[in-house]
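Asker: Test case, fold it:
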Amino acid sequence: MSRLPTLTPRQYERVVFTALVLLFTIVLTGAAVRLTGSGLGCTNWPKCEDSVVAPLELNAWIEFGNRIVTGLVGIPCIAAFVLAFRRSPRRRDLLWSSALLPLGVLGQAVLGGLTVLFEIHPGFVMGHFLLSMLILAAAVNLYWRARREPGERPSHDRRVVLLTRALVAWGAVVLFAGTFATAAGPHPGADADHSGAPVDRITFLSLDDFIHWHGRTGTVLGLLAVGTWLLARRTGASRDVMTALTWVCGLVAAQGVIGFAQYELELPAGLVWVHVAVASATWLAILFAVNAAGRLPRTTSVEPATPAPA
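Answerer: From the prediction side, this is the model:
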């Protein structure tokens, strides 16, 4: 470790930013694998068929390409953890936060392998996407910490902090509902003919039911985002909070338009991919908002005044 170069805070921030960008990219490539029916392009793992390299077949290379991107993502994630020891000055909070990135990528690799081995079972596919969202949360938190010193968090109104946290919680609900809608939809992740058997789908509710429930959760998220934006503006929140909340409101509104369009057009794969991309971007904006809002302000207790002597 001592042979590695010492990094300035600015240099370490760039390493973390690279990891964050690639972690977002892997979500988009993973969605492309599913929506092109390439989930079983390689029917085993870690090899692709009988070789370490995919055969000359489109679906196989789409799936194999996603594996390669996952490996590339691991490099900056491992670097973010290792180089946290070489950052000057060293910070304990960055060491702990950075450890989550390589652990998350390792978990994704294992979960991706299980997804293939269990022939794109919807539960594994849903878990694969949701784990990506958790890793993004860790990466945004690390990036936010790396850009600032521990005492640089501005003070915000207690209600704004609580509402941004509510945005994270409800945003997770919306993402979870979206995975159900996708798992019941017409894009199972693999062509049935490729594996010789139909791919499992979620069927305990109809696709329309899942779509409408997902739409309702998205509507609540939009109302919550607008309410948080208005309160933050009224209480004089920092520019970082206002910028992040503005992005959240705009992206949620865009998702409403995209969702309506893809429903009317009977869920074309390209538009579904855009929906996943904007959903992931919305999640990033929410994460930036909650990090910008910071911790809850400390409440100071006021002691009763001592009465003056008569």
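
Asker: going forward, measure contacts and count neighbours with C-alpha atoms only.
Answerer: Fine.

Asker: From the contact counts, what lies against the helix or strand hosting Leu23?
Answerer: Assigned by DSSP states H and E, Leu23 belongs to helix 9-35. If you count contacts as 3 or more C-alpha pairs under 8 Å, 6 or more residues apart in numbering; DSSP states H and E, helix 9-35 packs onto helix 58-82, helix 122-147, helix 269-293.

Asker: what's the next helix or strand after the second one packed up against?
Answerer: Sequence order places helix 158-183 as the next helix or strand after helix 122-147, per DSSP H and E. For helix 158-183, the elements it packs on are helix 122-147, helix 207-234, helix 269-293, judged by 3+ C-alpha pairs under 8 Å, 6+ apart.

Asker: List the buried residues of the longest one.
Answerer: Judged by neighbour count (16 or more other C-alpha atoms under 10 Å), helix 207-234 contains these buried residues: 207, 210-211, 213-215, 217-219, 221-222, 224-226, 228-229, 232-233.

Asker: center of the chain, which residue is that?
Answerer: Central residue of the chain (C-alpha atoms, centre = their mean): Met133, 2.6 Å from the mean position.

Asker: what about Ile120, which helix or strand?
Answerer: Under the criterion DSSP H and E, no helix or strand holds Ile120.

Asker: distance between the helix holding Leu23 and the chain's centre?
Answerer: Relative to its chain's centre, helix 9-35 lies at 10 Å (C-alpha atoms, centre = their mean, to the nearest Å).

Asker: got it, and stretch 243-262?
Answerer: Here stretch 243-262 is found 16 Å from its chain centre; the criterion is C-alpha atoms, centre = their mean.

Asker: What lies in contact with it?
Answerer: Identification of contacts with stretch 243-262 by C-alpha atoms under 8 Å, 6 or more residues apart in numbering yields 215, 218, 221-222, 225-226, 228-229, 268, 271-272, 274-275, 278-279, 281-282, 285-286, 288-289.

Asker: Try it again at 7 Å.
Answerer: Outside stretch 243-262, the residues that touch it by C-alpha atoms under 7 Å, 6 or more residues apart in numbering are 222, 225-226, 229, 268, 271-272, 275, 278, 282, 285-286, 288-289.

Asker: tell me the two of those residues that are most distant?
Answerer: Trp229 and Pro268 (32.9 Å; C-alpha to C-alpha).

Asker: Lowest average pLDDT across the helices and strands packed on helix 9-35?
Answerer: When the helices and strands packed on helix 9-35 are compared on mean pLDDT, helix 58-82 scores lowest, with a mean of 85.

Asker: mind giving me the domain split of the chain?
Answerer: 1-148, 155-298 (automatic domain parsing).

Asker: Do you know the pLDDT at Ala172?
Answerer: Ala172 carries a pLDDT value of 96.

Asker: just to revisit the earlier point, of the contacts of stretch 243-262 - the most surrounded one?
Answerer: In terms of neighbour count, Ile286 stands highest of these at 27 neighbours, by other C-alpha atoms under 10 Å.
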